[in-house]
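[1] 3D, please:
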Amino acid sequence: MRKNILNSFFLITCTILAVSCAPKKEIIKAPPPAETTTVADKKSENLATLLTKELQYNTLSLKGKAELDINGDANNVTLNIRIKKNETIWFNVTALGGAIEAARGIITPDSLLLMNRLQKTILRKPLSYIHDYTNQQVNFGWLQSIIVGNTIPEFMVEKSDLKQDGGVWILSGTAQGLAYRTLFNTLLKAAELNLNDAEAGQALKVVYDKYTPINKGLFPSNLKITSAVGNKKISVAVEFTKIDANVPVEFPFSVPKSFQLIN
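    Next comes the predicted model:
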């Protein structure tokens, strides 16, 4: 079971690069769409309006309760994530109420470092290693955007199809064999992201809900990622219970001498 906890989080990380608490802040639910909506046929202006809702931050410190499910084998864990925008994503995964740390990792725009405390191993790879599991376009920025509920910049462009359906915006298109679709809610925040690489047999769905006001923006308190890579089906559902923006963050990562390095 403990080994599956690490494997599950590692595969989720690869896929989406293809992841006592403070009192909860106010939660905002997106209101239902209006029955009729008038839309100006100005794609650039509409894209710009959606981009104004992106969460602005320098650092984030997140803590949440998560359920990891790999091929039907579910485990409850605690997940901590710290982000320095465009530079570093640090995480650790603990089980049994935080008593046992199963995994710890650091991801940067050019490298990946994962520590498996249960197997006493360290995986050190260039970030391009994730392309063994994901579409070649996936990069650090994509993972960062998915975690915080922002859009993927490469999709928010004129060549994408942008329309309203049922009172909400839908952005879609295809880039280098990767089909993408982002559904926005009435808060103009991304509510659902779908990525599908049919040729490689890779699919990813991300669903966001229950937004918390942070730094004059909105952060999705509930996040669910479902992925399929080949015959592996993995999901992680996170309820963030602590969300802090623009606070000092550290990225502790000491490696015991007894651990085996895997290059």
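
[2] all helices of this structure, in order?
    Remark: helices assigned in the chain by DSSP state H are 2-16, 43-51, 140-148.

[3] The second one: which residues count as buried?
    Buried positions in helix 43-51, judged by neighbour count with 16 or more other CB atoms under 10 Å: 46-47, 50. C-betas here are computed from N, CA, C, even on glycine.

[4] Can you pull out the residues in contact with that helix?
    Residues from elsewhere that reach helix 43-51, judged by CB atoms under 8 Å, 6 or more residues apart in numbering: 39-40, 151, 156-158, 162, 169, 171, 184, 188.

[5] what do you get if the cut-off is 10 Å, keeping everything else the same?
    39-40, 42, 150-151, 153, 155-164, 169, 171, 182, 184, 188-190 (CB atoms under 10 Å, 6 or more residues apart in numbering).

[6] Keep only those of the residues you listed that are in strands.
    161-164, 169, 171, 182, 184, 190 (DSSP state E).

[7] looking at these, which has the most residues close by?
    Tallying neighbours with other CB atoms under 10 Å puts Ala190 at the head of those, with 25 neighbours.

[8] Next up, the contacts around the closest residue to Lys85 other than its chain neighbours.
    Excluding its sequence neighbours, the residue lying closest to Lys85 (CB to CB, 6 or more residues apart in numbering) is Asn58, at 5.6 Å. If you count contacts by CB under 10 Å, 6+ apart, Asn58 has them with 83-87, 215, 245-247, 249.

[9] Tell me the one of those residues nearest Tyr129?
    The closest of the contacts of Asn58 to Tyr129 turns out to be Glu87 (CB to CB; 19.0 Å).

[10] Got the phi and psi for Thr52?
    phi -70, psi -20 (degrees, to the nearest 10).

[11] That one and Asn58, how far apart?
    According to CB to CB, to the nearest Å, Thr52 stands 18 Å off from Asn58.

[12] Repeat that for Ile234.
    Counting by CB to CB - Ile234 and Asn58 are separated by 31 Å.

[13] which stretches of the chain aren't confidently modelled?
    Residue ranges of the chain with pLDDT under 70: 1-26, 34-41, 97-98.

[14] ranges for the strands of it?
    Under DSSP E, the chain gives strands at 59-70, 73-84, 88-95, 100-108, 111-116, 121-126, 161-165, 168-175, 178-184, 190-197, 202-214, 217-229, 232-245, 260-262.

[15] Send me stretch 94-104 as CSV with only the CA atoms.
    This file holds the C-alpha atoms of stretch 94-104, laid out as CSV (Å, rounded to 0.1, in the frame of the first residue of the first chain):
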residue,chain,number,x,y,z
THR,A,94,2.5,11.7,4.1
ALA,A,95,0.3,8.8,5.3
LEU,A,96,-1.3,7.8,8.6
GLY,A,97,-2.2,11.4,9.6
GLY,A,98,1.3,12.7,8.8
ALA,A,99,3.1,10.0,10.8
ILE,A,100,4.9,8.5,7.8
GLU,A,101,6.4,10.5,4.9
ALA,A,102,6.1,8.4,1.8
ALA,A,103,7.6,10.8,-0.8
ARG,A,104,9.2,14.2,-1.2
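
[16] Quick check: closest non-adjacent residue to Ile107.
    Nearest non-adjacent residue to Ile107 (CB to CB, 6+ apart): Ile89, at 4.4 Å.

[17] Adding distance to Leu123 as columns, could you present the ones in strands among the contacts of helix 43-51 in CSV?
    Output for those, formatted as CSV (distance: CB to CB, whole Å):
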residue, distance to Leu123
Asp161, 39
Leu162, 39
Lys163, 42
Gln164, 44
Trp169, 39
Leu171, 34
Thr182, 31
Phe184, 36
Ala190, 30
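
[18] Which single one of these is nearest to Asp132?
    Thr182 (25.7 Å).

[19] ok, the closest one - contacts?
    50, 151-152, 155-156, 160, 162, 169-173, 190-195, 206.
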